[in-house]
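Asker: Sequence first, predicted model second:
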Amino acid sequence: MRVPADARHLAADREPPPEAARGRGDPRAGEAGDVRVLPAQTRDARSRREPPRGESGARERLISVPGRGNSVAAADYAESVREHLERELKLSAPSGFRLPELGGTPLPDRTFVSTYHDTHGLQLARHGVTLRHRLEGGSGLWQLKLPSGEARIELEEAGPPARPPERFLALLVALLRGEELVRVARLRTRRRSVRADGAEIVDDAVAVLDGQRVTRRFRELEIELLEGDERSLRRLEAMLTDAGARPGEFEPKLYRVLGLAYPPGHVDVPTAAAPGEAIGAAMLEQYEQLLAHDPGTRLGTDPEDLHQMRVAARRARAFLRAARPLLDADWANELRAELGWLGAALGAARDLDVLVEHLRVEAGSLGEEGKGAQRLVDELERERTDARAVALAALSEDRYFALLDRLQESRAPALAARTSSSLAELWWAELRRTRRAFEKLGPDSSDSELHAARIRVKRARYAGELAAHELGRAGERFVNAAKRLQDVLGAHQDGLVAEERIAALADRLEPAIANLLLERERARRERARRAWPNAWKKLEQRGRRAKP
């Protein structure tokens, strides 16, 4: 039985007091703190090392995490948090480095201890998530950092170190899935900082702790833009490098201590991989994508997370279809059915995300006249709220967690008893079917025919992705051309959907505004109709060059 997210927890091997279990005296009673968005910059992969251990030599047990449950509490954040984009640059400081005279205002020195928590297998860190408790001046603060595109969202909530806030655990339920959290690192940071030139310059001296013993020290510099521009950032960087600092790529402290690559890398497929190995790696990659975007989808501050979850579900389903001749039919069909269910559960919310954003931009471009179109956007916003509730309900079902378990196991797919086809051959067969479909199209093809052609292109594209290790560079060019054609035909379909919704709600708009919006959607579809033949011609050329 899966334990709901509000179930009791064990902290430091002790049952929490009843008041805490029922929420009385819970530090999360107030509003959530700031959400900070930090740039996630890449760096070279580092070899993985065993995380630091506690005084006993074993990782310290922190808490038993609820198995799997609802994410209702997580939705609270969507209305209460604030976020901003934090532009920053990190540098390393050699031994003996001293901050140059930067002018500006020195800030008070700070000392704080950060205790990081993760599973035994570092499930959070391997998906770009960090959970820590920071103690400074006798006050405790929980911080949860989630990946969000090329940035990171930071959630903060005051509280004692005994256990993370329930709302944080609700966001992490898919990543944890019943695994206990343990302490994996403890760092003491002595921070000096200066505010100058529209930025804050931070000099952190970090000590890695094992109990009270320091096992390692390092120092890093950080420039965070507050009000300045890119020129301010580069000017300050030059001043620090002239003083001896060395440029470095963005790397959170925890990843540096654990020796983990940041951001977490993709699943690599060897060039000589057998079909089963390549299929397993492709399925594992989509499983990882689902997990990476699950917390952000529950949080609901960035529609891109839900979009990427849906893409991962649909891509995994398409991979199974493309490799169908190589797979055990029952195994593949059952998994495809579950992936189809998840994609459908996320679909309505995603479609409304796209439609609302598009119509908001269109309304804004109309100036004063566009204010009347806001009623249409408001109506669709209400629909989107309902659709998002449906998506979150699906992510709370046992069926979803069972699907994650099956996807994790799909790294070793069930293969058919006998097969001799390569993935490249299966891709070529899919491309031939796509070519036959496009040969039937013309200037007067119906909307439904163009939509069906787009589906064909997606199938050929995903088959090409699955066979990428066999097709090489020519295969990559084919996939890129398929994406472009898919975008063109997708714009046509999006315009059709928008036109239908505007027409259905036209009685709530001024006739002139409704007609103007409808004309714009028709023009969008017409542009796509003119563009797709050339995009198809380019795709066909790329396909011939990649032929196995």
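Answerer: Right, received. Where do you want to start?
Asker: For R477, give me its contacts.
Answerer: Neighbour list for R477: R542, R545, A546 [criterion: C-beta atoms under 8 Å, 6 or more residues apart in numbering]. All C-beta spots, glycine's among them, are computed from the backbone N, C-alpha and C.
Asker: Find me the pLDDT at the first one, would you?
Answerer: Read that as R542. Among the per-residue scores, R542 shows a pLDDT of 98.
Asker: still on that earlier bit, of the contacts of R477, closest to R183?
Answerer: Nearest to R183 among those, counting by C-beta to C-beta, is A546 at 49.9 Å.
Asker: And the residue lying closest to the closest one once chain neighbours are set aside, how close does it get to R544?
Answerer: Ranked by C-beta to C-beta, 6 or more residues apart in numbering and with sequence neighbours excluded, the top spatial neighbour of A546 is A474, at 3.8 Å. Between A474 and R544 the distance is 9 Å, computed by C-beta to C-beta, to the nearest Å.
Asker: next one: G472
Answerer: Distance, G472 to R544, using C-beta to C-beta: 15 Å.
Asker: just P303 next, same as before
Answerer: 38 Å.
Asker: okay, those two: which has more neighbours?
Answerer: P303 (19 against 12; other C-beta atoms under 10 Å).
Asker: Contact partners for the more buried one?
Answerer: Per C-beta under 8 Å, 6+ apart, neighbours of P303: R350, D353, E357.
Asker: where's the first one, which helix or strand?
Answerer: Here R350 is covered by helix 329-365, with elements defined by DSSP states H and E.
Asker: The nearest residue to P161 once chain neighbours are set aside sits in which helix or strand?
Answerer: Leaving out its chain neighbours, the residue that sits closest to P161 by C-beta to C-beta, 6+ apart is H133, at 4.7 Å. According to DSSP H and E, H133 maps onto strand 130-136.
Asker: ditto for A261
Answerer: Using DSSP H and E, A261 sits within no helix or strand.
Asker: Per-residue confidence at it, what does it come out as?
Answerer: If you check A261, the pLDDT there is 88.
Asker: Could you verify my assumption that it touches Y255?
Answerer: Yes - the criterion here is C-beta atoms under 8 Å, and A261 meets it with Y255 at 7.3 Å.
Asker: of these two, who's got more company?
Answerer: Y255 (19 against 16).
Asker: Phi and psi next, for that one.
Answerer: Dihedral angles phi and psi of Y255 (degrees, to the nearest 10) take the values phi -70, psi -30.
Asker: which non-adjacent residue is nearest it?
Answerer: Y262 (4.2 Å).
Asker: Give the burial count for that neighbour, as a bare number.
Answerer: Neighbours of Y262 (other C-beta under 10 Å): 22.
Asker: tally of neighbours for the closest residue to R524 other than its chain neighbours?
Answerer: Distances taken as C-beta to C-beta, 6+ apart put G495 closest to R524, at 3.9 Å, once the chain neighbours are dropped. Residues near G495, counting by other C-beta under 10 Å, number 22.
Asker: Confirm that G495 sits in a helix.
Answerer: Yes - assessed by DSSP: H, G, I helix; E, B strand; the rest coil, G495 belongs to a helix.
Asker: partners of the residue nearest to P161 in the sheet?
Answerer: For H133, the beta-bridge partners are T115, W142 (DSSP bridges).
Asker: so it touches H117, yeah?
Answerer: Yes - H133 is within contact range of H117, at 7.3 Å (criterion: C-beta under 8 Å).
Asker: Need the residues touching each of these two.
Answerer: Taking C-beta under 8 Å, 6+ apart as the criterion, H133 and H117 both touch P164.
Asker: Setting aside sequence neighbours, what's the nearest residue to A468?
Answerer: Leaving aside its sequence neighbours, A468 sits nearest to G475 (C-beta to C-beta, 6+ apart; 5.1 Å).
Asker: coming back round to it: so which of H133 and H117 has more stuff around it?
Answerer: H117 (25 against 22).
Asker: got the contact list for the more buried one?
Answerer: Contacts of H117 (C-beta under 8 Å, 6+ apart): L62, I63, L124, L131, R132, H133, P164, L181, V182, R183, V184.
Asker: number of nearby residues for the fifth one?
Answerer: If I follow you right, that is R132. 23.
Asker: Just the pLDDT at it, thanks.
Answerer: pLDDT at R132 comes out at 98.
Asker: tell me which element L102 falls in.
Answerer: Using DSSP H and E, L102 falls outside every helix and strand.
Asker: What pLDDT is listed against the closest residue to R508 other than its chain neighbours?
Answerer: Closest residue to R508 apart from its sequence neighbours, by C-beta to C-beta, 6+ apart: R375 at 5.3 Å. pLDDT, R375: 87.
Asker: what about R375, which helix or strand?
Answerer: Taking DSSP H and E as the definition, R375 sits inside helix 374-394.
Asker: Could you pull out the buried residues of that helix?
Answerer: L376, V377, L380, E383, R384, A387, R388, A391, L392, A394 (16 or more other C-beta atoms under 10 Å).
Asker: which residues are contacting that helix?
Answerer: So helix 374-394 is in contact with 71-72, 75, 297-298, 300, 306, 341-342, 345-346, 348-349, 352-353, 355-356, 359-360, 363, 400, 501-502, 505, 508-509, 517, going by C-beta under 8 Å, 6+ apart.
Asker: and the next helix or strand after it, how far from the chain's centre?
Answerer: Moving toward the C-terminus from helix 374-394, the next helix or strand (DSSP H and E) is helix 398-409. The chain centre lies 19 Å from the centre of helix 398-409; the measure is C-alpha atoms, centre = their mean, to the nearest Å.
Asker: buried set for helix 398-409?
Answerer: Under the neighbour-count criterion of 16+ other C-beta under 10 Å, helix 398-409 has Y400, F401, L403, L404, R406, L407 buried.
Asker: Appreciated, that's everything.
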